[in-house]
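In: With the sequence up front, the predicted model follows.
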Amino acid sequence: MSKQNDLSRSAVALDHDSTLIVVIEMSQSSWLLAAMVPGIDREPLKKLSPDPAGLLAQLRRWRDEAVAAGQAITRIAVAYEAGRDGFWLARWLRARDIEAHVMHASSIPVARTHRRAKTDRLDTKLLKRSFLGWLRGEPGHCNMAALPTLAEEDAKRPSRERRTLVNEQTRIINRMKAALARLGIRNFKPGLRKAAERLDSLRTPEDEPLPPNTKAELRHDMDRLRLIRDQIKQIETARRERLEQAADDGPQAMLRTLDRVHGLGLETADLLTHEAFVRSFPGQRAVARYGGLTGAPDESGQRRREKGLARAGNARVRGAMIQFAWRFLRFQKHSALAKWYRQRTEAVQGDRRIVRKTMIVALARKLLIALWRLVTTGEVPQGLILRPAA
């Protein structure tokens with residue numbers, strides 16, 4: 001029996017005689033379509049420009065060919081790999097009564113030869129083989145990505161934009177420090193608010209002022225830094241206003257619940273809500289897998305070892321949860337999970353640093369599952385401190 005929300009196999013029985021199967025190998029300049037048309041012995045290929053209208057016309061032409069061959073088409077199934085183009089094409093096709101799926105590229109098996117041939121034509125054969133097995137309901141062929149709505153995709157943008165701006169801010173500060181280090185100046189902090197005012201008074205170890213070109217470069221970087229900080233503040237202010245004005249249901253209700261957890265900031269709560277908890281998971285194992293917090297065992301014969309984290313899930317969720325796990329030990333030290341962590345690490349003989357780093361991943365996995373239960377079922381973890389509801 002297929003599990004609820006199981007995207008590893010199709011829940012609809014496949015009828016080869018009435019199903020037009022098409023896969024798309026997508027690139028920035030062209031789309032290569034490969035089809036299995038009922039009643040037609042050949043498996044046609046067609047290269048198109050990236051145009052959804054042209055794609056729809058080609059699907060209808062293949063459907064007409066099948067009808068002319070005596071096969072009535074009741075189902076058109078289309079699939080392509082997840083990538084740069086995202087999910088818009090799948091939503092566009094579904095709005096026109098065409099079954100569309102987005103395949104996880106990492107779940108498609110490939111040949112393990114040292115130098116395997118790779119062309120778009122060969123890639124379409126792999127896609128057809130995997131998609132056909134998925135349509136038959138056979139497990140292990142490939143996994144499909146959950147198709148988000150446009151609103152769900154848009155809700156992720158503030159958190160992702162803020163992360164990009166924070167990384168850009170760090171890059172600019174490091175570049176300014178490097179420019180000053182070349183002149184022997186190491187005690188200047190470009191990130192301070194009054195750094196621009198102190199720039200004119202800076203002196204090199206030779207008691208010389210900053211060279212004019214270097215000073216101009218630093219001022220340009222400070223202007224960029226000021227702009228980035230203003231944009232980060234705008235994102236945070238807008239997010240707080242949306243949270244205060246939103247209805248008490250759906251993702252905003254989850255966000256409000258997570259914001260009450262002592263030690264969990266609004267940025268992390270927003271990331272977890274829109275990157276993970278708005279999705280529908282069949283159970284806690286699926287939550288841990290999506291967070292990329294499960295292990296990768298290597299077992300063969302007498303060998304039994306772990307290769308570390310599988311890293312197959314959402315990297316943003318994984319990084320946020322590992323950071324929150326360290327904060328959790330500080331702000332929720334009397335909770336059951338914090339006590340569990342201390343019992344596992346304090347009784348170990350040897351180098352505790354390695355054990356602490358290993359066990360923090362286990363704590364992050366347990367925390368992710370506990371927070372998922374908190375926002376979906378209202379189950380509060382034992383000893384967890386919550387702020388009063390606003």
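Out: Yes, it's here.
In: Point to the residue nearest the middle of the chain.
Out: In the chain, the C-alpha closest to the average C-alpha coordinate belongs to Asn314, at a distance of 4.0 Å (CA atoms, centre = their mean).
In: Just give the strands next to the strand or helix carrying Glu25 in its sheet, each with its orientation.
Out: If you go by DSSP states H and E, Glu25 is part of strand 19-26. As defined by DSSP bridges, the strand partners of strand 19-26 come to strand 31-36 (antiparallel), strand 75-81 (parallel).
In: what's the next secondary structure element after whichever helix or strand Ala100 is part of?
Out: Per DSSP H and E: Ala100 is located in strand 99-103. Where DSSP H and E defines the elements, the next helix or strand beyond strand 99-103 is helix 120-135.
In: packing partners for that next one?
Out: Secondary-structure packing of helix 120-135 (3 or more CB pairs under 8 Å, 6 or more residues apart in numbering; DSSP states H and E): strand 19-26, strand 31-36, strand 75-81, strand 99-103. To be clear about C-beta, it is placed using only N, CA and C from the backbone, and glycine gets the same treatment.
In: rewinding a little: using a markdown table, lay out the strands paired with strand 19-26 together with mean pLDDT and mean neighbour count.
Out: Listed next are those as a markdown table, based on pLDDT from 0 to 100; neighbours: other CB atoms under 10 Å:
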| stretch | mean pLDDT | mean neighbour count |
| --- | --- | --- |
| strand 31-36 | 96 | 22 |
| strand 75-81 | 96 | 21 |
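In: Redo these as TSV? Include distance to Ala151.
Out: Output for the strands paired with strand 19-26, formatted as TSV (distance: least, CB to CB, whole Å):
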stretch	distance to Ala151
strand 31-36	27
strand 75-81	22
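In: okay, the helices and strands packed on helix 120-135 in TSV with distance to Leu293 next?
Out: Formatted as TSV, these follow (distance: least, CB to CB, whole Å):
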stretch	distance to Leu293
strand 19-26	31
strand 31-36	36
strand 75-81	25
strand 99-103	24
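In: With respect to Pro297, which of the ones you listed lies nearest?
Out: Among those, the nearest to Pro297 by CB to CB is strand 99-103 (25.1 Å).
In: Strand 75-81 and that closest one, what's the angle between them?
Out: When axes from the mean of the first three to the mean of the last three CA atoms, to 10 degrees is applied, the directions of strand 99-103 and strand 75-81 differ by 20 degrees.
In: by contact count, what packs against strand 99-103?
Out: strand 75-81, helix 88-94, helix 120-135.
In: contacts for the last one?
Out: Spelled out, that is helix 120-135. Residues outside helix 120-135 that contact it (CB atoms under 8 Å, 6 or more residues apart in numbering): 8-10, 12, 14, 19, 21, 23, 25, 27, 32-34, 36, 43, 45, 77, 79-81, 101, 103, 107-110, 140-142, 144.
In: for the next helix-or-strand element following it, what is the average pLDDT?
Out: Where DSSP H and E defines the elements, the next helix or strand beyond helix 120-135 is helix 150-155. Averaged over helix 150-155, pLDDT sits at 92.
In: Can you list the buried residues in helix 150-155?
Out: Residues of helix 150-155 classed as buried: Ala155 (neighbour count, 16 or more other CB atoms under 10 Å).
In: Output that helix as PDB - backbone C-alpha positions only.
Out: Below are the C-alpha coordinates for helix 150-155, written out as PDB (Å, rounded to 0.1, in the frame of the first residue of the first chain):
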ATOM      1  CA  LEU A 150       3.300  30.300  -6.300                       C
ATOM      2  CA  ALA A 151       2.400  31.800  -2.900                       C
ATOM      3  CA  GLU A 152       4.500  29.200  -1.100                       C
ATOM      4  CA  GLU A 153       7.500  29.800  -3.300                       C
ATOM      5  CA  ASP A 154       7.200  33.600  -2.800                       C
ATOM      6  CA  ALA A 155       7.000  33.200   1.000                       C
END
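In: could you say what helices and strands the helix or strand just after that helix packs with?
Out: Going down the chain from helix 150-155, the next helix or strand is helix 157-181, by DSSP H and E. Packing partners of helix 157-181 (3+ CB pairs under 8 Å, 6+ apart): helix 212-245, helix 266-272, helix 315-331.
In: I'd like those helices as JSON lines, with mean pLDDT and mean neighbour count appended.
Out: Below are the helices and strands packed on helix 157-181 laid out as JSON lines (pLDDT from 0 to 100; neighbours: other CB under 10 Å):
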{"stretch": "helix 212-245", "mean pLDDT": "93", "mean neighbour count": "13"}
{"stretch": "helix 266-272", "mean pLDDT": "93", "mean neighbour count": "22"}
{"stretch": "helix 315-331", "mean pLDDT": "94", "mean neighbour count": "19"}
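In: can I get those helices in CSV with distance to Lys357?
Out: Formatted as CSV, the helices and strands packed on helix 157-181 follow (distance: least, CB to CB, whole Å):
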stretch, distance to Lys357
helix 212-245, 30
helix 266-272, 20
helix 315-331, 10
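In: what's the closest of these to Ile73?
Out: Checked against CB to CB, the stretch from those lying closest is helix 315-331, at 40.5 Å.
In: The closest one vs helix 157-181, what angle?
Out: Using the same axes, to 10 degrees: helix 315-331 against helix 157-181 is 80 degrees.
In: Name the next helix or strand following helix 315-331 along the chain.
Out: Next along from helix 315-331, by DSSP H and E: helix 336-346.
In: So what touches that following helix?
Out: 328-329, 332, 352, 355-356, 359-360, 362-363, 366-367, 370, 381-383.
In: Flag every buried residue along the very next helix or strand once past it.
Out: Note on helix 336-346: by DSSP H and E, the next helix or strand toward the C-terminus is helix 352-377. Within helix 352-377, the residues scored as buried using 16+ other CB under 10 Å are 355-356, 359-361, 363-372, 374-375.
In: Stretch 183-195 now?
Out: So stretch 183-195, judged by 16+ other CB under 10 Å, has buried residues Leu183, Phe188, Pro190, Ala195.
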